[in-house]
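*Asks:* no letters, just coordinates:
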């Protein structure tokens with residue numbers, strides 16, 4: 001079983017506005033509405049790569065209904081827990097104005113609903129994969145990731161964590177299979193500035209010393225680095241292409257890496273798949289399709 005968790009999913013309203021002016025009525029020149037949230041992005045890319053998975057999390061109100069409907073339309077299986085009050089969030093993303101975003105709050109999630117999620121996660125067993133990605137809503141305990149990983153500790157579940165600062169550092173003692181900070185997030189953890197691929201390697205190893213098994217570091221236009229649990233280190237510059245939409249590129253990298261790992265259990269192949277999926281999404285209006293990932297993969301591995 002392969003599951004993703006999105007605590008606070010959204011309906012992302014992505015618009016372009018030409019010549020935006022504050023205080024005046026502006027009209028969109030393009031618009032797109034997609035289910036959003038880091039776990040949902042991972043689920044979508046996994047599905048695009050032919051890997052069945054289930055998106056878990058919480059949903060509420062008419063927006064929650066639309067998130068589920070759109071996921072079904074896309075072929076992504078979901079098993080969200082319904083929150084009886086409030087409404088799932090709508091995030092407005094102004095694509096043409098330096099990636100400006102206005103993100104909603106989402107519903108309050110009670111302790112009882114958190115326990116419902118825990119019971120779903122209790123069914124995971126050895127060899128299953130769980131993705132924990134993104135921030136934790138203010139209505140939930142801020143050690144939620146720790147609680148989940150402590151509960152699953154020793155069951156042989158491969159857990160992937162894509163989170164920042166304390167959320168990430170505090171779960172390393174449970175030996176997540178994969179963590180994916182970017183170079184800025186990695187630098188924040190250790191109080192340093194990391195600009196190039198060689199800079200990040202010793203700090204990726206420090207995360208391993210704290211318990212991470214594999215550390216995948218994304219670096220936008222600089223490329224990516226993998227510090228693998230078998231001692232190997234892989235690094236690649238960013239593939240050539242035109243940045244169209246950076247939203248979800250990091251989530252796509254995580255999905256691509258795990259898709260590659262599940263296929264061949266080979267670190268280098270998984271790393272190349274991760275870079276290819278992340279870049280393919282960045283070069284596309286939407287999250288990457290299998291064909292788009294394959295096209296970038298051929299560029300990543302040529303020569």
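*Replies:* Received, thanks. Because the structure is predicted, anything quoted here is derived from the model rather than measured.
*Asks:* where exactly do the helices run in the stretch 201-303 of the chain?
*Replies:* Under the criterion DSSP state H, counting those that start in this stretch, the stretch 201-303 of the chain carries helices at the ranges 249-264, 267-282, 290-301.
*Asks:* turn the ones you listed into TSV, including distance to residue 37 and mean pLDDT.
*Replies:* Yep, even glycine has a C-beta here, placed from its N, CA and C like the rest. Converted to TSV, the helices of the stretch 201-303 of the chain look like this (distance: least, C-beta to C-beta, whole Å; pLDDT from 0 to 100):
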stretch	distance to residue 37	mean pLDDT
helix 249-264	9	96
helix 267-282	15	96
helix 290-301	21	94
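*Asks:* let me have these in a markdown table, adding mean neighbour count as columns.
*Replies:* Output for those, formatted as a markdown table (neighbours: other C-beta atoms under 10 Å):
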| stretch | mean neighbour count |
| --- | --- |
| helix 249-264 | 25 |
| helix 267-282 | 26 |
| helix 290-301 | 17 |
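*Asks:* and of these, who's closest to residue 119?
*Replies:* Nearest to residue 119 among the helices of the stretch 201-303 of the chain is helix 249-264 (24.3 Å), distances taken as C-beta to C-beta.
*Asks:* helices or strands next to that closest one in the packing?
*Replies:* The contact analysis (3 or more C-beta pairs under 8 Å, 6 or more residues apart in numbering; DSSP states H and E) places helix 249-264 against helix 38-48, strand 129-133, strand 158-162, strand 178-179, strand 214-218, helix 267-282.
*Asks:* which one of these lies closest to residue 95?
*Replies:* Smallest distance to residue 95 across those (C-beta to C-beta): 13.3 Å, for helix 267-282.
*Asks:* the residue sitting nearest the centre point of the chain and residue 39, how far apart?
*Replies:* Geometric centre of the chain, nearest residue: residue 251, 3.1 Å, by C-alpha atoms, centre = their mean. For residue 251, the distance to residue 39 equals 8 Å [C-beta to C-beta, to the nearest Å].
*Asks:* anything in contact with each of the two?
*Replies:* Residues touching both residue 251 and residue 39 (C-beta atoms under 8 Å, 6 or more residues apart in numbering) are residue 133.
*Asks:* so where's the protein shaky on pLDDT?
*Replies:* Low-confidence segments of the chain (pLDDT under 70): 98-99, 303.
*Asks:* any idea which of the helices and strands packed on helix 249-264 gets closest to residue 96?
*Replies:* With C-beta to C-beta as the measure, helix 267-282 is the member of the helices and strands packed on helix 249-264 nearest residue 96 (16.7 Å).
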